[in-house]
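Novice: here is my input, please return the structure:
(chains A and B)
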There are 2 protein chains.
Amino acid sequence: MQKQEAVAESPLLVAGSKICLLGTNAADGFANIKAMMNLRHQGMKTIWFSTNASSRRVSQLARDNRACVYYVDDRNFKGLMLTGTIELLNDHESRQLLWSEGAERYYPLGVDDPDYTVLRFTAIKANYYHKLENVTFDVQDAEAL
Amino acid sequence: MQKQEAVAESPLLVAGSKICLLGTNAADGFANIKAMMNLRHQGMKTIWFSTNASSRRVSQLARDNRACVYYVDDRNFKGLMLTGTIELLNDHESRQLLWSEGAERYYPLGVDDPDYTVLRFTAIKANYYHKLENVTFDVQDAEAL
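Specialist: Predicted structure coming up:
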């Protein structure tokens, strides 16, 4: 697989995924994984999630903002791992950006519910896997192509 | 959700999953995630994988054997995160245990191919998620129930 092919296919895997997996560093030194709804992304460089401000994931990220985001297509043996950093956002604009109908189920007080928070992931490196081959590339360079 | 329910449902999620996600600590301080075939497990305490001895995952685990294994059922919003440690096994018996028909595609030299290796994960803690609720429990205690 050529790098060009990996760079072209990676955003398609992001766009076609219902969920992704968020990897964070827990305080005890273990990697932690959690499934997240794939709500919003800009190519593969910027990915937004929403979660509970009171959640374990948020306290881990406040301590160590390094993260990885993984997309998998298990029928076609494709995988994309992005590594980068996450910012915790609480401004009204970011909250609106991620808010969706029915989210009151999770955040009864609505878009400004203090337990509602937005995570913005910025990818640095990518590793794309398909057909037994891995291609690693720099996401900033790839987005400029 | 009661702890008893989480302990009872967790092994069903393990048994019903085609793949799981392996989380490891990379040398650069980032959590890494990779999809793995769910080949063999004993309850939720011991989980075996096979992979290439030359892979990035194996060199990460040789450096730091702490890992997490995650199972997800995205249709029913269920997730199980197990944290524990991984041993790298290369004895013939372990190789045979994980070998399956067609694995020659990945390891042309067969069950004793030097690039074929077995990972044995031993779970310590579990976190089971369903219907917006998390339950954390000790796996050793749970297996004794």
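
Novice: can we go C-alpha only for contacts and neighbour counts from here?
Specialist: OK.

Novice: buried sites along the one helix or strand residue A:143 maps to?
Specialist: Using DSSP states H and E, residue A:143 falls within helix A:139-144. In terms of neighbour count (16 or more other CA atoms under 10 Å in any protein chain shown), helix A:139-144 has its buried residues at A:139, A:142.

Novice: the strand ranked longest in chain A - what's its average pLDDT?
Specialist: Determined from DSSP state E, the single longest strand within chain A is strand A:116-130. Averaged over strand A:116-130, pLDDT sits at 97.

Novice: how far does it sit from the chain's center?
Specialist: Computed by CA atoms, centre = their mean, to the nearest Å, the chain-centroid distance of strand A:116-130 equals 4 Å.

Novice: elements contacting it?
Specialist: strand A:46-52, strand A:78-89, helix A:92-98, strand A:133-138, helix A:139-144 (3 or more CA pairs under 8 Å, 6 or more residues apart in numbering or on different chains; DSSP states H and E).

Novice: show me the beta-bridge partners of the closest residue to residue A:13 other than its chain neighbours.
Specialist: Leaving aside its sequence neighbours, residue A:13 sits nearest to residue A:71 (CA to CA, 6 or more residues apart in numbering or on different chains; 6.8 Å). Note on residue A:71: beta-bridge partners residue A:80, judged by DSSP bridges.

Novice: helices or strands up against the helix or strand bottoming out on mean pLDDT in chain A?
Specialist: Every helix and strand in chain A was compared by mean pLDDT, DSSP states H and E; the lowest is helix A:139-144, with a mean of 80. For helix A:139-144, the packing partners by 3+ CA pairs under 8 Å, 6+ apart come out as strand A:116-130.

Novice: now for the helix or strand harbouring residue A:57, which elements pack on it?
Specialist: Here residue A:57, judged by DSSP H and E, is contained in helix A:56-63. In this structure, helix A:56-63 makes packing contacts with strand A:19-25, strand A:78-89, judged by 3+ CA pairs under 8 Å, 6+ apart.

Novice: ok, residue A:49 touching residue A:36?
Specialist: Yes - counting by CA atoms under 8 Å, residue A:49 touches residue A:36, with 7.2 Å between them.

Novice: what about those two, which has more around it?
Specialist: Using other CA atoms under 10 Å in any protein chain shown as the criterion, residue A:49 and residue A:36 rank with residue A:49 on top: 19 against 16.

Novice: contacts only, for the more buried one.
Specialist: Taking CA atoms under 8 Å, 6 or more residues apart in numbering or on different chains, we find residue A:49 in contact with A:36-40, A:98, A:118-120.

Novice: rewinding a little: how about the helices and strands packed on strand A:116-130 in a markdown table, adding distance to residue B:130?
Specialist: Below are those laid out as a markdown table (distance: least, CA to CA, whole Å):
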| stretch | distance to residue B:130 |
| --- | --- |
| strand A:46-52 | 15 |
| strand A:78-89 | 24 |
| helix A:92-98 | 22 |
| strand A:133-138 | 33 |
| helix A:139-144 | 34 |
